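*Asks:* Need a 3D model of the following:
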Amino acid sequence: METITAEELETASSEELEKYRKAYITAQRVEEGTEAYDEVLARWASLAEAENWGGLEALFAEGLATGSVGDLNQDIIEDSKTVAGSVQSTTDNTDFVLGYESQLSPLESATRQLDSATRTRPPLIPLDYKVSDYKDWLQNISVGDKDRLSQALYVQGYYNSMNIQSIEDISDPTYFSNAIQGALRDAITSAETLGQDVGMSAVPTLEEGGRFADFMEEEFEEASRIFLRDSGPSYYPTSYLQTTGEEIARSVLGRTFTTKEQQQYVAMANKLLDDQNSPARLRNEQMGGAILDSAGQQFAAMMDPEAAQARQVSNLMPTLDKLLGL
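*Replies:* Just a heads-up that it's a prediction; the model follows:
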């Protein structure tokens with residue numbers, strides 16, 4: 001089945017939209033009258049009222065990340081074309097193979113290998129691990145495992161094209177399901193290309209043998225640090241620059257900046273911070289502050305060379321006095 005696009009939603013009649021809405025709600029498998037049911041209704045309503053057709057299209061993409069369309073009335077499915085979830089929209093409603101699962105546990109596999117020296121046994125054919133299997137796994141994992149999965153997907157770059165504004169956005173259902181779609185597409189390609197040799201290594205699960213089985217939280221912490229470093233605003237707050245500017249002026253010139261000098265200092269600092277290649281943009285690193293401080297000292301000395309020289313001499317006087325025994 002085809003998925004429902006934003007254009008189709010925009011041109012749909014009110015009756016068709018109502019069918020889409022019912023199909024989406026049914027896919028979530030939430031009980032009417034519960035808080036979860038009200039939340040599903042509210043999410044749909046907010047996007048529909050705002051005529052956010054792209055948002056509604058994306059909403060379908062999360063359907064199978066949290067629900068199932070297996071029990072949908074067939075007439076509703078046909079009328080709605082499909083209530084696509086992240087898995088279904090990825091696979092064009094085909095139960096593609098993602099990997100190949102061994103019929104033996106690791107212990108059984110090791111025992112079988114040892115036993116093969118004395119007995120001849122026919123090899124066990126790996127079982128196909130399909131999109132439907134992955135959907136079942138995803139629906140039944142804990143909240144903590146979903147968080148780990150979203151972190152692993154982020155580390156592997158599956159959120160890169162989404163322009164997320166906060167690291168917390170990786171848990172957003174729409175972003176999360178879109179990231180899963182990307183990982184599943186890669187798994188399908190690997191299974192088609194490598195066949196049974198790929199095993200479960202390309203399947204985006206946390207289980208033993210899966211792609212993210214060895215994922216470490218430290219990997220996400222490092223990725224988060226880089227995100228915070230690179231995704232913030234290009235400028236320090238003006239109040240912060242003004243304060244640090246005054247400290248530099250007192251240190252270099254022995255006085256505060258004039259209003260005009262302060263404005264020029266802030267402009268200089270912002271220009272330096274706006275340079276994507278400048279290490280001063282590392283706002284969360286000590287190096288960035290040191291570079292900005294050095295540039296500020298040079299700026300102050302250039303603004304008033306005489307005062308800077310006098311201040312330098314003044315700072316040297318106590319040292320000279322000690323050397324002369326005064």
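*Asks:* Could I get the full set of helices for the stretch 1-150 of the chain?
*Replies:* Listed from the start of the chain, the stretch 1-150 of the chain has helices (DSSP state H, counting those that start in this stretch) covering 6-11, 14-28, 35-49, 53-61, 63-66, 74-80, 86-91, 106-115, 131-140, 143-155.
*Asks:* pLDDT on the one helix or strand Leu241 maps to, on average?
*Replies:* According to DSSP states H and E, Leu241 maps onto helix 238-253. The average pLDDT within helix 238-253 is 88.
*Asks:* sorry, back to before: ok, of the helices of the stretch 1-150 of the chain, where does mean pLDDT dip lowest?
*Replies:* Across those, helix 74-80 gives the lowest mean pLDDT, at a mean of 34.
*Asks:* so who does Asp172 touch?
*Replies:* Contacts for Asp172 (CB atoms under 8 Å, 6 or more residues apart in numbering) come out as none. For the C-beta atoms, the positions are set from N, CA and C on the backbone; glycine is no exception.
*Asks:* Distance check, it against Leu59.
*Replies:* Counting by CB to CB, to the nearest Å, the gap from Asp172 to Leu59 is 12 Å.
*Asks:* again, but for Ala45
*Replies:* 11 Å.
*Asks:* higher neighbour count, the two?
*Replies:* Using other CB atoms under 10 Å as the criterion, Ala45 and Leu59 rank with Leu59 on top: 24 against 11.
*Asks:* Report all helices and strands that the helix holding Leu241 contacts.
*Replies:* With contacts taken as 3 or more CB pairs under 8 Å, 6 or more residues apart in numbering; DSSP states H and E, helix 238-253 sits against helix 259-274, helix 286-303, helix 305-324.
*Asks:* quick one: which of those is nearest Leu127?
*Replies:* Leu127 sits nearest to helix 286-303 of all those, at 52.5 Å, using CB to CB.
*Asks:* which parts of that closest one are buried?
*Replies:* Neighbour counts over helix 286-303 (16 or more other CB atoms under 10 Å) mark Gly288, Ile291, Leu292, Ala295, Gly296, Gln297, Phe299, Ala300, Ala301, Met303 as buried.
*Asks:* So which elements touch that helix?
*Replies:* Looks like helix 286-303 contacts helix 238-253, helix 259-274 (3+ CB pairs under 8 Å, 6+ apart).
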